[in-house]
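Asker: Structure of the sequence below:
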Amino acid sequence: MQRPPPEDFLLKETSPHLGGGKVSGDKLTSTYDLVEQMQYLYVRVVKAKDLPAKDVTGSCDPYVEVKLGNYKGTTRHFEKKTNPEWNQVFAFSKDRIQASILEVTVKDKDVVKDDFIGRVLFDLNEIPKRVPPDSPLAPQWYRLEDRKGDKAKGELMLAVWMGTQADEAFPEAWHSDAATVSGTDALANIRSKVYLSPKLWYLRVNVIEAQDLQPSDKGRYPEVFVKAALGNQTLRTRISQSRTINPMWNEDLMFVAAEPFEEPLILSVEDRVAPNKEESLGRCAIPLQMVERRLDHKPVNTKWYNIEKHIVIMEGEKKKEIKFSSKIHMRICLEGGYHVLDESTHYSSDLRPTAKQLWKSSIGVLELGILNAQGLMPMKKKDGKGTTDAYCVAKYGQKWVRTRTIIDSFAPRWNEQYTWEVFDPCTVITIGVFDNWHLHGGDKPGAKDSKIGKVRIRLSTLETDRVYTHSYPLLVLHPNGVKKMGEIHLAVRFTCSSLLNMMHMYSLPLLPKMHYIHPLTVSQLDNLRHQATQIVSMRLSRAEPPLRKEIVEYMLDVGSHMWSMRRSKANFFRIMGVLGGLIAVGKWFDQICNWKNPITTVLIHILFIILVMYPELILPTIFLYLFLIGVWYYRWRPRHPPHMDTRLSHADSAHPDELDEEFDTFPTTKPSDVVRMRYDRLRSIAGRIQTVVGDLATQGERLQSLLSWRDPRATALFVIFCLVAAIVLYVTPFQIVALLTGIYILRHPRFRHKLPSVPLNFFRRLPARTDCML
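Answerer: Okay, here's the model as predicted:
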């Protein structure tokens, strides 16, 4: 039995004040009902008119400064404009408001010192409140005043109100929390955003044959293969067995393509003229927009494509271009019936096929409230002190969401709520927390957002219509061991629209039917998954603001297939845990056979005799027993979602060198003596595995040798035994045979010998093929 993980690494149930506490029956009524309400003061600066000229030149370059206590936000300025329009929103967190007066000042941009034009003052106690779904507050014209409170020239159109993060103005507003952030790019980098993964297709290229190829050397048999490239994916067929100018292949090449299709499929026919030398016999480019799409297993029509080869020859001083045209016969289609796997199959969040026509209706809605984080570690240094600028990314299906970045806080409060449609309950949502390194104008070369940790929640482990509020530990494995980076506080609700539809989902295949009718090989799936993750990370990193490559790869578990001694140990103990039940049953039966508890053994005898006399009761008894076990265990059912388990992962007991090996690059960058030591360690482990596999093979070969006459005496004995057994079983009723066998197996220890039984002795003496091994 494993020890429980440390208290600090456990899930904690919480009771936050969700949705401002408005509860109606079981459901909360507010649109933001899974997060805590955060109050903000909003100021919308719309436009100004009739502003006076302040410069010597008689022009005005106006901008607006919104000031509340120590917080100050400014609009962009306009050159030489007395009627400017800004339409910018400023949001000040109520928690941090220390002043009682809001000051909105219009200034004239100047080289030396900006000139004061006029201002409008608001008493915070007089500002109205607005709660959606109320209509937005209409902006009003306010006459500007000078510093003494007298009327000044010019008017400013403003709207000022108190609201929450549910306000429509919230996502695009300038936040007082981000007052230290400079540059428009950096401001875009801190805002919340929703992204969509590109629509991915499998592209199947069935290369059948080619005709009329023109090799340069007519005197040799060509060694021809086809090379196909799509973006940075390159695949090639094997060399054709028919070494003629009309070669045949009939081979499938599989690619991943993403909409919108940007690059064509480029095919070239190559002739291997020497071991490391290839000659192109022609090429063609096929735009994917022209490729047929199929939704089922019916084959699409084949087509002949022209492949062209251009040769430039010199005739005296003139260049002459000769064009050879050969043909290639292919069947190309975009597969809409498969699901393109871009995530690890264990943590898939979407299992639908590519083609939208094949989608089933949704079975429910997943709602996620990202409340806050606690106790985050400092991730970088700024002005000599540790700081963290945290944001969250959540991924489910094709929809990625990114919260706003909370500047310089170890206990950031996001309180943002997101919703996803659910098409399959056996899926996983992933939530990651990251530190933003792109805040102060311009990306530093090589700067990457740091990972703070992530949480996975499997929807099938959640009860429907229940709000789960828990604080999840953010656990990250570092080269020096497992480390808790803080805690993230989430509220999750899975609402089911039709219980019948959801129950029906459990009877359907996990993947679309094309994966079973025309299955892809394991190596194909691995390569295609790698290509899919590369395409998704590249496309999302080109969004504005970008969802960076390191974020996408961490969320999609790109490195999970790499060798790890720690993970191998964890998987071995998981197998032992599964087999533990069978081993326990075996030990219990051994105790029954050895009469450790005579009363239990007598009861088993009685049950056995009843089942032999009434065999029709065997299956009902088994299923009734399983039913009673299930009902009994219902009292101890898990009440919390599962979370990262450091004991199960063997993260807390891993040797430092094993962790160092896990974090090593591929190929390795370690010194040769370290690599030699690790190689020797792997050899010793592989030697033990080799011995176990050899022992299993030996037992199997002994079974085969029962009838192979490899040992003529052993086979003769077995054949005679089979004949006698057949005659005895024919003349004796089966129930009597079963009864005698059972009573013999359950006999009292007084009638047992300590030596192995005769059948076991016979089996161990049978020959295996170990004698033939070198």
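
Asker: any chance you could map the strands in the stretch 401-550 of the chain?
Answerer: With strands called from DSSP state E, counting those that start in this stretch, the stretch 401-550 of the chain shows them at 413-422, 428-435, 450-458, 467-478, 481-496.

Asker: can you list the ones you listed in CSV and add distance to W588?
Answerer: Glycine gets a C-beta too; all of them are placed from N, C-alpha and C. Shown next, in CSV, are the strands of the stretch 401-550 of the chain (distance: least, CB to CB, whole Å):
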stretch, distance to W588
strand 413-422, 42
strand 428-435, 36
strand 450-458, 32
strand 467-478, 37
strand 481-496, 36
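
Asker: Ranking these by mean neighbour count, which comes first?
Answerer: For these, the largest average neighbour count (mean count of other CB atoms under 10 Å) is found in strand 428-435, namely a mean of 23.

Asker: strand partners of that one, parallel vs antiparallel please.
Answerer: Applying DSSP bridges to the sheet, strand 428-435 is found paired with strand 390-396 (antiparallel), strand 450-458 (antiparallel).

Asker: With distance to S568 and mean pLDDT added, can I get those in TSV?
Answerer: Below are these laid out as TSV (distance: least, CB to CB, whole Å; pLDDT from 0 to 100):
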stretch	distance to S568	mean pLDDT
strand 390-396	27	95
strand 450-458	21	93
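
Asker: could I get the ones you listed as TSV with distance to H470?
Answerer: Compiled in TSV, the strands paired with strand 428-435 are given as follows (distance: least, CB to CB, whole Å):
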stretch	distance to H470
strand 390-396	15
strand 450-458	9
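
Asker: Of all these, which one is nearest L124?
Answerer: strand 390-396 (29.1 Å; CB to CB).

Asker: which residues make contact with the closest one from outside it?
Answerer: With CB atoms under 8 Å, 6 or more residues apart in numbering as the test, strand 390-396 has contacts from 190, 349-350, 366, 368, 370, 373, 376, 400-406, 409, 412, 414, 418, 420, 427, 429-436, 452, 488, 547, 551, 555-556.

Asker: switch the cut-off to 6 Å
Answerer: Residues from elsewhere that reach strand 390-396 (CB atoms under 6 Å, 6 or more residues apart in numbering): 349, 370, 376, 401-403, 405-406, 412, 420, 429-434, 436, 551, 555.

Asker: Just want the angle from that strand to strand 413-422.
Answerer: If you take axes from the mean of the first three to the mean of the last three CA atoms, to 10 degrees, strand 390-396 sits at 10 degrees to strand 413-422.

Asker: and Y744, helix, strand or coil?
Answerer: Counting by DSSP: H, G, I helix; E, B strand; the rest coil, the backbone at Y744 sits in helix.

Asker: So for S649, which of the strands paired with strand 428-435 sits nearest?
Answerer: Relative to S649, the nearest member of the strands paired with strand 428-435 by CB to CB is strand 450-458, separated by 12.6 Å.

Asker: ok so, going back, wait, which of the strands paired with strand 428-435 is closest to K94?
Answerer: Using CB to CB, the nearest of the strands paired with strand 428-435 to K94 is strand 390-396, at 20.9 Å.

Asker: Of the strands paired with strand 428-435, which is nearest V256?
Answerer: The closest of the strands paired with strand 428-435 to V256 is strand 390-396. By CB to CB, the value is 18.3 Å.

Asker: Output the closest one as PDB, restricted to C-alpha atoms.
Answerer: Taking Å, rounded to 0.1, in the frame of the first residue of the first chain, the C-alpha atoms of strand 390-396 are listed here in PDB:
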ATOM      1  CA  ALA A 390       0.500  35.100 -14.300                       C
ATOM      2  CA  TYR A 391      -2.200  34.100 -16.800                       C
ATOM      3  CA  CYS A 392      -4.200  30.900 -17.500                       C
ATOM      4  CA  VAL A 393      -4.800  29.000 -20.700                       C
ATOM      5  CA  ALA A 394      -7.600  26.400 -20.900                       C
ATOM      6  CA  LYS A 395      -8.100  24.000 -23.800                       C
ATOM      7  CA  TYR A 396     -11.000  21.800 -24.600                       C
END
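
Asker: Start at 867, not 1
Answerer: Understood, numbering begins at 867; the last thing we discussed is strand 1256-1262.

Asker: mind checking how far it is from the chain centre?
Answerer: From the chain centre to the centre of strand 1256-1262 is a distance of 12 Å (CA atoms, centre = their mean, to the nearest Å).

Asker: Point out where the chain drops to low pLDDT.
Answerer: In the predicted model, the chain carries pLDDT under 70 at residues 867-873, 886-897, 921-924, 1045-1053, 1176-1190, 1306-1312.

Asker: what residue is smack in the middle of it?
Answerer: L1422 (3.5 Å; CA atoms, centre = their mean).

Asker: Which residues belonging to the longest helix along the chain are considered buried?
Answerer: Assignment by DSSP state H gives helix 1538-1570 as the longest helix of the chain. Neighbour-count burial for helix 1538-1570 flags 1544, 1567-1568 (criterion: 16 or more other CB atoms under 10 Å).

Asker: Next, the buried residues of whichever helix or strand F1121 is part of.
Answerer: Take DSSP states H and E as the rule and F1121 turns out to sit in strand 1114-1124. Neighbour-count burial for strand 1114-1124 flags 1115, 1117, 1119-1124 (criterion: 16+ other CB under 10 Å).

Asker: Please identify the helix or strand for W1454.
Answerer: Going by DSSP H and E, W1454 is part of helix 1431-1459.

Asker: Just want the angle from that helix to helix 1538-1570.
Answerer: Computed by the same axes, to 10 degrees, the angle between helix 1431-1459 and helix 1538-1570 is 30 degrees.

Asker: who's in contact with the next helix or strand after helix 1431-1459?
Answerer: Using DSSP H and E, the helix or strand that directly follows helix 1431-1459 along the chain is helix 1464-1479. Identification of contacts with helix 1464-1479 by CB under 6 Å, 6+ apart yields 1458, 1461, 1484, 1601, 1604-1605, 1608.

Asker: any chance of those in CSV, with distance to R1440 and neighbour count too?
Answerer: Formatted as CSV, the contacts of helix 1464-1479 follow (distance: CB to CB, whole Å; neighbours: other CB atoms under 10 Å):
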residue, distance to R1440, neighbour count
I1458, 29, 17
W1461, 35, 17
I1484, 32, 11
Q1601, 41, 12
A1604, 37, 15
L1605, 40, 15
G1608, 35, 16
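
Asker: Nearest to M1156 among those residues?
Answerer: For those, the minimum distance to M1156 (CB to CB) is 62.5 Å, reached by I1484.
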